[in-house]
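A.B. asks: Starting from these lines, generate the structure:
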Amino acid sequence: MSVGTPQVGVPIWNIAVGCLGGLVLLSTCCIVGLLVFGASLEAVLIGGVLAVIVAPLYAMFLLWLDPLEHEPPWLLLIAFFWGAGVGTLAGGFSTLVLDLIARGLFGASGAISDAASAVIFAPVTEELAKGAFLFFLFALARHEFDDVVDGIVYGGLVGLGFAVVEDFAYYLMTLAEEGLVATGALFVIRGLLAGFGHPFYTALTGLGCGLARSTRSLPLRVLAPLGGLAGAMFFHALWNGLAVATAATQSVGLVFLVLVGYPFGILLPGALLLAIVAVVAARGRRRDVQRYLQEAVSEGLATPDDLEALTRPWSRRARQFRMLTTVGWRALWLRRRLDIALVDWAYRQWHRARGDRLPYYLAAFESEALERRIRRWRTELDQLQTARVS
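C.D. replies: Numbers count the residues shown, from 1 in each chain. Below is the predicted model:
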């Protein structure tokens, strides 16, 4: 696409995102409405606070893993609410259908079908429902899905949204049946000890999709997402199986595994592993961005100051703050848009060097379109700075 080519396909992309956002919002309202129907205001407030109180900490950890690239806030929110709405609604409905089939067609007893629902049906249906968002990004939004870091962040946020709504449902049920003390104990288990469970599971699916996105190997492109999804289902089933077995046997050993073994033997090492993978991948990304930003400097698209600041998050934020204090809010907005667009441009150059060109409906995110916006914003920013000096 030449510099003079119009930006085609933008309405299609906007319509697709609008429909996706509408689906997410509608499903979230449906699932929350179902949960609060018939519940007391006191239970809703207590359950809501317990469900969301630690979620910001997990979200901060996930976003910390990707300090270089600025992911669109609206897409991060859609990921979270996909898990909260579509994930819980589709996963719960599918599990219910499979449970009814097991009872009706195979004559399974209530205890057997409940155990099968928890250990087999729920991990499969819920991880598929959550992972569907990642497969959507992987297939249709390649401009926002670069590698394993993006996969971990988006997958973790989808899982976090699912966890908030699922925990809310458990807290409401426990408050109604067993009271506040039992709900507090449940919060310690679900919110604190195992709170990173669902983000970890779906981050594994995202990790697999990220590997497929960043490799040229066709077998790995097929096997990596399936392997990540299989890992998510396995660890999900392991947790559910431990919980079911503990409730059934009241074994002290199983209680120890639920309260200590799984959180500190699986989830904590899993979070550390995700962090290590993200940090190593981020170093490689930083080198690639620096290399292509050097090309941007030679072409007059970026400045030497950009080369230094854009690969150092604190330097980038400090420069944006100086722009706010010395020139104003409009200059801050332009500086932020420039920084985001320059990093996106470097990523597009990296992908194009690997033979990856975006489909026509994402033409507005190709490097030529980004270049036009960068030059326009830089001109306006320079004018604001000049007017401020004069």
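A.B. asks: Which secondary structure state is assigned to the most centrally placed residue in the chain?
C.D. replies: Residue closest to the average C-alpha location in the chain (Cα atoms, centre = their mean): Y154, at 1.8 Å. Applying DSSP: H, G, I helix; E, B strand; the rest coil to Y154 yields a three-state assignment of helix.
A.B. asks: burial count for A230?
C.D. replies: 15 (other Cβ atoms under 10 Å). In this view, the C-beta of every residue, glycine as well, is placed from N, C-alpha and C.
A.B. asks: er, V244 I mean
C.D. replies: By other Cβ under 10 Å, the residues close to V244 number 18.
A.B. asks: Once you drop chain neighbours, what's closest to it?
C.D. replies: Excluding the flanking residues, the one nearest V244 by Cβ to Cβ, 6 or more residues apart in numbering is A118, at 5.0 Å.
A.B. asks: Against W333, how distant is that neighbour?
C.D. replies: 49 Å (Cβ to Cβ, to the nearest Å).
A.B. asks: who's more crowded, those two?
C.D. replies: A direct count of neighbours by other Cβ under 10 Å for A118 and W333 places A118 higher, at 19 against 15.
A.B. asks: The more buried one against N240, yeah?
C.D. replies: Yes - counting by Cβ atoms under 8 Å, A118 touches N240, with 4.5 Å between them.
A.B. asks: what about stretch 150-169, distance to the chain center?
C.D. replies: 7 Å (Cα atoms, centre = their mean, to the nearest Å).
A.B. asks: Near Y170, how many other residues are there?
C.D. replies: Neighbour tally, Y170, other Cβ under 10 Å: 18.
A.B. asks: Test my guess that it contacts A185.
C.D. replies: No - using Cβ under 8 Å as the test, Y170 is too far from A185 to be in contact (11.6 Å).
A.B. asks: Which residues are in contact with the nearest residue to the residue nearest to the centre of the chain once chain neighbours are set aside?
C.D. replies: Nearest non-adjacent residue to Y154, counting by Cβ to Cβ, 6+ apart: A79, 4.9 Å away. Contact partners of A79, counting by Cβ atoms under 8 Å, 6 or more residues apart in numbering, are F133, Y154, L157, V158, G161.
A.B. asks: Which members of the residues you listed define the maximum pairwise distance?
C.D. replies: Y154 and G161 (11.0 Å; Cβ to Cβ).
A.B. asks: List the buried residues in the least confident helix or strand in the chain by mean pLDDT.
C.D. replies: Across the helices and strands of the chain, mean confidence by mean pLDDT, DSSP states H and E is lowest for helix 110-116: a mean of 81. Residues S113, A115, A116 are the ones in helix 110-116 that count as buried (16 or more other Cβ atoms under 10 Å).
A.B. asks: What is the subsequent helix or strand relative to it?
C.D. replies: helix 122-140 (DSSP states H and E).
A.B. asks: what's the offset of stretch 237-257 from the middle of its chain?
C.D. replies: 29 Å.
A.B. asks: now stretch 81-95
C.D. replies: The chain centre lies 15 Å from the centre of stretch 81-95; the measure is Cα atoms, centre = their mean.
A.B. asks: Name the residues of it that are buried.
C.D. replies: Here stretch 81-95 shows 81-92, 94-95 as buried, counting by 16+ other Cβ under 10 Å.
A.B. asks: Could you pull up the residues touching V280?
C.D. replies: The contact partners of V280, by Cβ under 8 Å, 6+ apart, come to none.
A.B. asks: how about 10 Å then?
C.D. replies: V148, V149 (Cβ atoms under 10 Å, 6 or more residues apart in numbering).
A.B. asks: mind checking how far it is from F145?
C.D. replies: For V280, the distance to F145 - Cβ to Cβ - is 18 Å.
A.B. asks: Name the helix or strand for the nearest residue in space to G155 that is not next to it in sequence, please.
C.D. replies: Distance criterion Cβ to Cβ, 6+ apart; nearest residue to G155, sequence neighbours excluded, is G206 at 2.6 Å. Counting by DSSP H and E, the element that carries G206 is helix 197-214.
A.B. asks: now A51
C.D. replies: Per DSSP H and E, A51 falls inside helix 41-52.
A.B. asks: Tabulate the buried residues of stretch 81-95 in a markdown table, adding columns for pLDDT.
C.D. replies: Output for these, formatted as a markdown table (pLDDT from 0 to 100):
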| residue | pLDDT |
| --- | --- |
| F81 | 96 |
| W82 | 97 |
| G83 | 97 |
| A84 | 96 |
| G85 | 95 |
| V86 | 95 |
| G87 | 95 |
| T88 | 96 |
| L89 | 94 |
| A90 | 95 |
| G91 | 94 |
| G92 | 92 |
| S94 | 94 |
| T95 | 93 |
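A.B. asks: Give me the subset of the residues you listed that lies in helices.
C.D. replies: F81, T88, L89, A90, G91, G92, S94, T95 (DSSP state H).
A.B. asks: List just the nearest of these to W350.
C.D. replies: Using Cβ to Cβ, those come closest to W350 at F81, 30.2 Å.
A.B. asks: I'd like the distance between that closest one and D99.
C.D. replies: Counting by Cβ to Cβ - F81 and D99 are separated by 26 Å.
A.B. asks: repeat for I53
C.D. replies: From I53 over to D99 the distance is 31 Å, taken as Cβ to Cβ.
A.B. asks: So between the two, which is more surrounded?
C.D. replies: D99 (19 against 14).
A.B. asks: wait, isn't that one in contact with V119?
C.D. replies: No - look at D99 against V119 with Cβ atoms under 10 Å: they stay out of range, at 11.9 Å.
A.B. asks: show me the contacts for the residue nearest to V244.
C.D. replies: Contact analysis of A118 by Cβ under 10 Å, 6+ apart lists T95, D99, A237, W239, N240, G241, A243, V244, A247.
A.B. asks: Repeat that for L242.
C.D. replies: L242 neighbours (Cβ under 10 Å, 6+ apart): V119, A194, L254, V255, L257, V258, G261, Y262, I266.
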